[in-house]
Every structure is written in structure tokens, then in C-alpha cells.
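Enquirer: Have a look; sequence and predicted model below, questions after that.
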Amino acid sequence: MTRLLIGAVLVVACGAVAAAPVPKERKKPVPKLEGTTWSGDGVTAPTTYTFAKGGVLVYTYLGNTYSNGTWKQTGAKVYWETNNRFAEFEGTVSGAVMAGEAWNVAGGRWKLKMKRDPDRPE
């Protein structure tokens, strides 16, 4: 009986040692947008977007620059609007790529994709 009890204890103890812990999944950090510039699709033409301090969105397309937009970021989710919500965007940022959908007051809807401009300072 004693040998049986010792054997059972050894089996349980060995089983606990043999089971390796499952590693936790490491999530990639979400880049902060403030102070960064992104280039790519636009609502009407290729556009450059600068996510300035205080939630101000500065954007350039067709040779003109505007600063009448706002933006906010919650984790990987991004929202921005331009010209008093004439056009809006919701999407996600993953590494150096931002993608999502834009729409405007005229009822248009577009998929937009842009890449972070590494040549611009943060």
C-alpha cells in the first residue's frame, strides 16, 4: 500500500513538472498617430495626412493644404473628419499601414489605405 501511494505521488509530481507553461501571445504595440504623417488614398485624390497635436488633422491633396480636420485614436481604431464632417473616416492602424472606410455628406463611400511616411519626423 505504501509503494502504491508513493508511486501515485511520483506520477502526479512528474506530470506537473513535465507540463510546460503555455507562452502568452505577444501583441504588437499600436503606433501612436500624434506627430506622424501618412500618405495614400484620399476621398478625391491621393492625399497626405498629418496627425497634429491636439487632434488637428492637416491634409494635402491636389496641391492644397487644409487644417480643418480633427482626429482621434482609441487603440488601433482611428477616426477622422474633414471640413466640419463633410468627409469622415473610420479604420485601423497596424504597423505602418492604416486602412478603413470613408464617406461624405453626398452619400459616397470609399475604401482608403495609407502608409506611414518614414521620412517625416514624429
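Expert: Perfect, thanks for sending it.
Enquirer: Quick check, central residue of the protein?
Expert: V93 (2.4 Å; Cα atoms, centre = their mean).
Enquirer: so where does that one fall, helix or strand?
Expert: For V93, the enclosing helix or strand under DSSP states H and E is strand 87-94.
Enquirer: just checking, what packs against the helix or strand following that strand?
Expert: Using DSSP H and E, the helix or strand that follows strand 87-94 in sequence is strand 97-104. The criterion is 3 or more Cβ pairs under 8 Å, 6 or more residues apart in numbering; DSSP states H and E, and the helices and strands that strand 97-104 contacts are strand 87-94, strand 109-116. All C-beta atoms are positioned from the backbone trio N, CA, C, and that covers glycine.
Enquirer: show me the residues around the residue nearest to the centre of the chain that make contact.
Expert: Shown in contact with V93 (Cβ atoms under 8 Å, 6 or more residues apart in numbering): V30, P31, L33, Q73, A76, V78.
Enquirer: out of these, which one sits closest to T65?
Expert: L33 (18.2 Å; Cβ to Cβ).
Enquirer: thinking the closest one is in contact with T74, fair?
Expert: No: taking contacts as Cβ atoms under 8 Å, L33 lies outside contact range of T74: 10.9 Å.
Enquirer: Specify which residue of the two has the higher count of neighbours.
Expert: L33 (23 against 8; other Cβ atoms under 10 Å).
Enquirer: what's the burial count for the spatially closest residue to that one that is not a sequence neighbour?
Expert: Nearest in space to L33, with sequence neighbours left out and distances taken as Cβ to Cβ, 6 or more residues apart in numbering, is F51 at 4.0 Å. Counted with other Cβ under 10 Å, the neighbours of F51 add up to 23.
Enquirer: so what does the longest strand seen in the chain touch, helix or strand wise?
Expert: Counting residues, the longest strand found in the chain (DSSP state E) is strand 64-74. Strand 64-74 is packed against strand 56-61, strand 77-82, with contacts defined by 3+ Cβ pairs under 8 Å, 6+ apart.
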